Every structure is written in C-alpha cells, then in structure tokens.
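[1] model the following, please.
(2 chains)
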2 protein chains.
Amino acid sequence: MDFNFTTLGTASALPTKGRYPSAHVLNIRGRLFLIDCGEGTQMLLFKYGFSILKIDNIFLSHLHGDHCFGIFGLLSSMGMKGRTSKLTIHAPAAFKGILDMFLHHFEGDAIKYEIVHNVLEGSVRGELNKIFESRNIEGYSFPLNHRVPTYGFLFREKIPPLNVVKSKIEEYHLTLKEIALLKSGQDVDRGDEGMLRAEEFTYKPFKPRSFAYCSDTAPFKELVNVVAGVDLLYHEATFANDLEATAKTTFHSTATDAALLAKDAGVKGLVIGHYSSRYSSVDHLKEEAQAIFENVYLASKGEKFEVPLERLSK
Amino acid sequence: MDFNFTTLGTASALPTKGRYPSAHVLNIRGRLFLIDCGEGTQMLLFKYGFSILKIDNIFLSHLHGDHCFGIFGLLSSMGMKGRTSKLTIHAPAAFKGILDMFLHHFEGDAIKYEIVHNVLEGSVRGELNKIFESRNIEGYSFPLNHRVPTYGFLFREKIPPLNVVKSKIEEYHLTLKEIALLKSGQDVDRGDEGMLRAEEFTYKPFKPRSFAYCSDTAPFKELVNVVAGVDLLYHEATFANDLEATAKTTFHSTATDAALLAKDAGVKGLVIGHYSSRYSSVDHLKEEAQAIFENVYLASKGEKFEVPLERLSK
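    Numbers count the residues shown, from 1 in each chain, chains lettered A, B, ... in the order given. Below is the predicted model of the structure:
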C-alpha cells in the first residue's frame, strides 16, 4: 500500500542547468496524482519510470508558467500514447483560456480523450474544499497567499473499515452476521451469553496517512490548521531567511517560514523545494529549517519520500 | 568566425527518456539562431552553455507542439533574466493566437521586451523568401510538405568583399584610392603603365558558408534546388525505409529520403534527426542513409557540427 511523494521539478520561476520547474507525483496505493506540471514534466516522468497513462488527475496550484507550461506537451503525449480515459485537471478558473488555446491550435487528431477542467475555488483562508474522492482517498484544495489565485492540496486516506480481532472470531465462533455488525461498529446481543462489545472485538487495521502541498505562498496564520498533523508536508522554500524581504514582496516563503509552519502544525516530516535559481547548493536552506524543525528533507530531481503504513493490531 | 549547428532536441512528436523534442542552435559568427523550440529547449540551452539573452531570432518551422511548446518558458525566462532587446519570432501565421494567449495569461511583469512575430509566408515549392539579413548573413524560408503549413530555412554568409593581394600592394605601390577601386571590382587605368586588372589584383578571402534546415516534411522534387550545394543540411529522418508507408501518410521522411536529397542536391554534409520514439538506437538510420550518401551524421543531444571556414588566398 504505497504512499509516497516524488519530487521531479524543484526550481522556482527560473530553471537552472540541473533543476526543472515544479512537478511532483503523489502515489497513493498505486494511484498517481501529478501536482504541478512545469516545462519538462513529461520528460521527467519518462526518466523516473512513471506511466503518463496512469495519471488521471492533475493538480495545478496556480497559473504561473513554472507550474503549468508542461501541460501542453503532456496532454499531447497522452493522446499520442493512445489515451482514451478521462483526464481531470484541477486548476484555477483562468485555465479555461489556456486549455481552449491548446485545444484550438494543437488538438489535431491526438486528443481522443475527455479533458475535464475542475475549477479550483474558494478564497476563505483555512477552509478546505473537497475536490477528489475515491474509495480510499480524499483530496482537498485550500487557498494560499500568492500573487495570483493559488491553491494548496491535502490528500488523506479515508478512515479504514474496522477489522474484527481474528482470535475472537475463533473463540466466540462468530457468525458472518455478527462479524458484519461488529465491523459496522455495533454491539452484538447474545442474550444469556451477554453483549459482544464492538469496541473490544474490533480494531482499526492501520492509521490513515496524509500529505499536504503548499506552493507558492507567503506564510499566513490560518495555514497551520489546514496542514495540522499531516504525515508529510511539502512546502516551498524559495529563499533563505536573509531574503525575507524579497520573499514578502514576491509572496513566497523562506526556509524558516516553512519550518515554523511544520513545527506549529505538528507535521511528521517536511519536504522543502521550489528553490531560487540564485542557489546552486541548497544545503543552507535545510540547515536553516532544521534549526527550527528536525525532520526536514530537500526536494531533488527524482527523490522519493515514503510515508510508511503504520499497521495497528489488537 | 564560427559557423556551427548544435542539435539539442532530437525526438519526433513523442519525446523519450533521453530525447527531447526539436531544438537546434545555429551559430554564425557568434550570432545565435534558435531553430524550433520544443518543450525543454531552455533547459538544454542552459545545459550546453548557450546564453538565452544572445538569441535575437527564433525560427519555428511549424506549429506542432514538438516544435514550439518550449517557447512559453523561454520567453518567460528571457524576461526574468532582464531582457530588454527586441526578439523576433519567425513563425507561421497561426502563431499569433498562441502568442496572444501567452501574453494575455503569462506576460505579468516579466516581458519588458518587444516580441515581433514575423509571419512565414509563401507556398510555392522551390521558392525562397528572405526573412533575415545582417551585414554578413542572409536567412530565407521555403515551404515544406507537411500536414500543416511548415517552412524550412536556409542561412548563408554573404559573398565577402574582395581582398587586394598583399604582395601586389607593395609591388605596385597601390594608393588607397586604387585599392578601393580594385576592391569594388573595377580595373585601374595607370595610363602609360597600363591597366591594373581587378581580377588579377584581388581575391575572395573565403568561401561563404551555408546551412539548410528541413523538418518536418515529406520529400518533394523542388526541394533539391533550394538546398543545392549547401555545406550542411539538416533533414528529418523520422523513420527507416521499411516504414516508408507510415512516412508518406504522416508527411514525414525516411533516412533514405534524406540521403537521396543530400546526394541529388550535392550538399557537403547531412545531419539527420527527429527520430521516431520507436527507435531506441538510431544507428540503422545512419547506415541506411550512408548507403546512398557518405557524409551522414546523427543528431544527438548537445552535438555540435562545425562548418570550417575555407580561406582562399592568391
């Protein structure tokens, strides 16, 4: 049961020799979510072995080029590779004009699949909007604080159905009907034999995992509630703290900002990325963040961050 | 006096792990011409040490995504790097809508330089249209035969001014006026001393060099005159000859087509590229072409092909 986050593009606005613009893949149980799609994303997906046909949902945080210029090539290649299944692109409203241009000029015969633009909405800070749901996963967007409408994303596994303790099934010779009742959280009345308490007979098989993505944004206080307690937080850290003033005027964050949020929100791990092109090495950003919050990891091309499954038993 | 052609993106429509979509740099005497601009072009320019601010002219052969999806990121990055000088993009008429979309959605504060769209025109096969001229260089477009309006490009050094033979200057004590007359090709009448013949007193200091670019296109007979005798010809070779039928229906060329043109046109060297994603190795394309025309070179990422200056003396 995979739950991992791969950083592909780690540059901010201006790519460098080694760093491509924003692109990330979140893999939850084999389902691939592409988060941001800067120029070169499809080549990075090929390079690191991701099948572009397995991506059914793309999340564009905002419409600055370094977060979306790879969408045209990716959509074309999906078509050329024979895609027929629907693709949903979660993106701010203005994406309509961009998609229309693409379909008008470049659709050709290649796009034989449906592209749905799910408009990201909501401007109340700290509020979550559900934008994705499957049997096991929920996805939400939430507003960030950047120069254009920008959204963060929260993904979490749903609370798993209860399991019945195996030894109790044998000990009490539980019937299928009794098991079903207990699993749904109801107690079972066995008359003279007494009550079988769901609480004693069942357990949650694992702890649901969660991931939040915040890029690009200036820090703001309501963000802490949105990402509170996630297992893994990706947060931009475009600048080191000595450029706090630049971060403010460009509505970006420093490594310190990212670490303070991680600490205040009690997250388990923090990945920082979206590095300014002025930094050839980014070790100092990690050091700066680690002075505040211990579990800091640097995004780098092709690096995968795992959130292990914590199995629970009784 | 550089004259070289660097292949950056060598893929056809679908990029692969190692091959990026079409992008090439022609360097004539330090002046950089970007020919086609597929996704990832700016990253390849950074990687191979080309300054994007030194590019003043971009030539888009046609508006299939694999030849132009890198333009958005490149224009943005030029802006972020502080470009103020005019940029001319030579591209088919429909580029207007694409550029308008870009400027509407992504101009922001970044584009502080003038972008001129020079519309590629002309549909008469075999006819050259002058689209660029500097003191030493001429550039032409010519129609190709693809599924959408597509243009090839021809660049050549102008015929250099005549030099006066150094030893004759001393021997005949030529005056500045006489030198100027001879350089302009006129004979000098010295009365009793007789005529000084320009033909004997002058020589061309070097042989002007030339380069032609043909991608994407199905073969057609008028092309031979357009590229006749060039020093270096780049020609697409999307397929091997066993896929001639596929090449025909998609309006592409085989390695055989490219080699036949090179041979018939009497060019000096042929670079093939724009390889189908089905080929992981392209050695067989070179072998196929070399059976017809000897001087065949394979385009590969970052490979530079030099056209040496042939100095002439007398």
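[2] residue numbers of the stretch 101-250 of chain A in contact with chain B?
    On the criterion CB under 8 Å from any CB of the partner chain, chain B has as its neighbours in the stretch 101-250 of chain A the residues A:101, A:104-106, A:108. For every residue, glycine as well, the C-beta is placed using N, CA and C.
[3] let's see 6 Å
    Proximity of the stretch 101-250 of chain A to chain B is assessed by CB under 6 Å from any CB of the partner chain, with A:101, A:105-106 identified as the residues in range.
[4] same list, those residues, but as CSV with pLDDT please.
    Conversion of those to CSV gives the following (pLDDT from 0 to 100):
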residue, pLDDT
A:M101, 94
A:H105, 93
A:F106, 91
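[5] got those as TSV, with secondary structure, distance to A:E303 and neighbour count columns?
    Formatted as TSV, these follow (DSSP: H, G, I helix; E, B strand; the rest coil; distance: CB to CB, whole Å; neighbours: other CB atoms under 10 Å in any protein chain shown):
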residue	secondary structure	distance to A:E303	neighbour count
A:M101	helix	33	18
A:H105	helix	35	19
A:F106	helix	32	20
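[6] dump the residue contacts of A:H62.
    Residues counted as contacts of A:H62 (CB atoms under 6 Å, 6 or more residues apart in numbering or on different chains) are A:148, A:150.
[7] how about 8 Å then?
    With contacts taken as CB atoms under 8 Å, 6 or more residues apart in numbering or on different chains, A:H62 has the following neighbours: A:68, A:92, A:144, A:146, A:148-151, A:216.
[8] hmm, the helix or strand encompassing A:L74 touching chain B?
    Here A:L74, judged by DSSP states H and E, is contained in helix A:71-80. Yes - in terms of CB under 8 Å from any CB, part of helix A:71-80 sits within range of chain B, namely A:72-73, A:76-77, A:80.
[9] now do the buried residues in the helix or strand following that helix.
    The C-terminal neighbour of helix A:71-80 among helices and strands, as given by DSSP H and E, is strand A:87-92. Applying a neighbour-count criterion of 16 or more other CB atoms under 10 Å in any protein chain shown, one finds A:87-92 buried in strand A:87-92.
[10] so where's chain A shaky on pLDDT?
    Low-confidence segments of chain A, defined by pLDDT under 70: A:108-109.
[11] how is chain A carved up into domains?
    Structural domains assigned to chain A are A:3-160+A:204-306, A:163-198, following automatic domain parsing.
[12] quick check: chain neighbours aside, which residue is closest to A:F132?
    In space, and not counting its chain neighbours, A:F132 is closest to A:G139: 3.1 Å by CB to CB, 6 or more residues apart in numbering or on different chains.
[13] coming back round to it: out of the contacts of A:H62, what pair is the most spread apart?
    Checked with CB to CB, the contacts of A:H62 reach their widest spread between A:C68 and A:L144, with 15.2 Å between them.
[14] now the nearest residue to A:G38 once chain neighbours are set aside, what's its secondary structure?
    Once its chain neighbours are removed from consideration, A:G38 has its nearest residue in A:P21; the separation is 2.6 Å (CB to CB, 6+ apart). Classification of A:P21 using DSSP: H, G, I helix; E, B strand; the rest coil returns coil.
[15] let me see the contact set for A:P21.
    Counting by CB under 8 Å, 6+ apart, A:P21 makes contact with A:9, A:11-13, A:15, A:38-40, A:65-67, A:69-70, B:73.
[16] if I look at it, how far off is A:G70?
    From A:P21 over to A:G70 the distance is 7 Å, taken as CB to CB, to the nearest Å.
[17] again, but for A:H252
    Applying CB to CB, one obtains 21 Å for the distance of A:H252 from A:G70.
[18] neighbour count for these two, which is higher?
    Residue environment comparison for A:H252 versus A:G70 gives the larger neighbour count to A:G70, 33 against 27, counting by other CB atoms under 10 Å in any protein chain shown.
[19] next, count neighbours for the residue lying closest to the more buried one once chain neighbours are set aside.
    Of all residues not flanking A:G70 in the chain, A:T41 sits nearest, at 3.5 Å (CB to CB, 6+ apart). Taking other CB under 10 Å as the neighbour definition, A:T41 ends up with a count of 31.
[20] how about the one 3 residues further on?
    Burial measure for A:L44: 22 neighbouring residues, criterion other CB under 10 Å.
[21] give me the element it is part of.
    Going by DSSP H and E, A:L44 is in helix A:41-47.
[22] so what touches that helix?
    With CB under 8 Å, 6+ apart as the contact definition, helix A:41-47 has outside contacts at A:8-9, A:20, A:23, A:25, A:34, A:52, A:55, A:70-71, A:73-74, A:77, A:301-302, B:15-17, B:20, B:39-40.
[23] same check on stretch A:157-171?
    Among residues not part of stretch A:157-171, those counted as contacts by CB under 8 Å, 6+ apart are A:3, A:28, A:135-138, A:174, A:179, A:182-185, A:198, A:200-206, A:208-210, A:314.
[24] of the residues you listed, just the buried ones, PyMOL syntax please.
    Filtering these down to the buried ones (16+ other CB under 10 Å) takes a single PyMOL command:
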select buried, chain A and resi 3+28+137+138+174+179+182+198+201+202+208+209+210
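[25] for stretch A:92-112, measure first residue to last.
    Here the two ends of stretch A:92-112 are set 24 Å apart, with distance taken as CA to CA, to the nearest Å.
[26] just stretch A:218-228 next, same as before
    From the first residue to the last, stretch A:218-228 extends over 18 Å; the measure is CA to CA.
[27] next, the buried residues of that stretch.
    When neighbours are counted by 16+ other CB under 10 Å, the buried residues of stretch A:218-228 are found to be A:218-219, A:223-224, A:226-227.
[28] for chain B, see how far away A:G194 is.
    The span separating A:G194 from chain B equals 65 Å under the rule CB to the nearest CB, to the nearest Å.
[29] please apply the same query to A:R125.
    From A:R125 across to chain B, the span is 24 Å (CB to the nearest CB).
[30] which element is that residue on?
    Secondary structure from DSSP H and E places A:R125 outside every helix and strand.
[31] what's near enough to touch it?
    With contacts defined as CB under 8 Å, 6+ apart, the neighbours of A:R125 are A:143, A:145, A:220, A:222-223.
[32] again with A:L261
    Contacts were defined as CB under 8 Å, 6+ apart; by that measure A:L261 touches A:214, A:219, A:223-224, A:227, A:233, A:235.
[33] touching, A:A258 and A:H235? I think so.
    Yes - in this structure A:A258 lies within contact range of A:H235 using CB atoms under 8 Å: 4.0 Å.
[34] pretty sure A:F102 sits against A:L74.
    No - at 10.7 Å, A:F102 does not count as touching A:L74 under the criterion of CB under 8 Å.
[35] what about A:E287, helix or strand, and which?
    Using DSSP H and E, A:E287 sits in helix A:283-290.
[36] which strands or helices does that helix pack on?
    Using 3 or more CB pairs under 8 Å, 6 or more residues apart in numbering or on different chains; DSSP states H and E as the contact criterion, the neighbours of helix A:283-290 among helices and strands are helix A:255-265, strand A:269-273, strand A:296-298.
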